[in-house]
Structures are given as C-alpha cells and as structure tokens.
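> below are the sequence and a predicted model; questions follow.
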Amino acid sequence: MLRVGVLVAFNSTTWIATVDLRGGVPFAQLAGIPVSRGLAAAALVAGRSVAVYFTGDGFNAAEAVVIAVWV
C-alpha cells in the first residue's frame, strides 16, 4: 500500500523518519519509519512530500519505508 505524507523529521544517523500521513489515515504522525538509502540525505528536509510504502495490512512503521521525496 502506498501513501503520501509530509516529512516531519529525519535522522541522518539512523535513517529513520517521522511522517505526517495524508489521505484518511486514522492518526496524524507515524514515527520510526525507515528511509531508503537510495534517497539523498540532503533532500530529506522537513516539510517536503514523501511516498511511504507499507508492506503489511496496517499502518505499522516496522512494515514501512520512505521510498521517494519531492518538493
């Protein structure tokens, strides 16, 4: 499942993000989402749009990864 959100925070040491998900998700922010190492760390600025891919049925950060970032 693919969801769009807004990057709230990014830790460049652990490559973990906090994202404010959009589109009918039952909560505002999801913390602890791993970020793809294929993305440039310099592009991961708070306020930018991101795509989050969820591998499971729910919205669990352990089953998600940030796969894209754009302005």
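Good, I have the coordinates.

> how many residues are close by Leu30?
Counted with other Cβ atoms under 10 Å, the neighbours of Leu30 add up to 21. (Glycine included, C-beta is placed from N, CA and C.)

> what are the bridge partners for it, then?
As for beta bridges, Leu30 partners with Val19 under DSSP bridges.

> contacts only, for it.
Contacts for Leu30 (Cβ atoms under 8 Å, 6 or more residues apart in numbering) come out as Gly5, Thr18, Val19, Leu21, Val52, Phe59, Ala61, Ala64.

> and the gap between the closest residue in space to Leu2 that isn't next to it in sequence and Leu21?
Spatial nearest neighbour of Leu2, excluding adjacent residues (Cβ to Cβ, 6 or more residues apart in numbering): Tyr53 at 5.5 Å. Distance, Tyr53 to Leu21, by Cβ to Cβ, to the nearest Å: 12 Å.

> and those two? Which one has more around it.
Leu21 (21 against 15).

> isn't the more buried one up against Val50?
No. Here Leu21 does not reach Val50: they are 9.5 Å apart, not a contact under Cβ atoms under 8 Å.

> what touches both of the two?
Between them, Leu21 and Val50 share the contacting residues Val4, Gly5, judged by Cβ under 8 Å, 6+ apart.

> hmm, Pro34 is touching Glu63, no?
No. Applying Cβ under 8 Å, one finds Pro34 not in contact with Glu63, separated by 10.0 Å.

> quick one, strands of the protein?
Secondary structure of the chain by DSSP state E: the strands cover 2-11, 16-21, 29-34, 49-54, 64-70.
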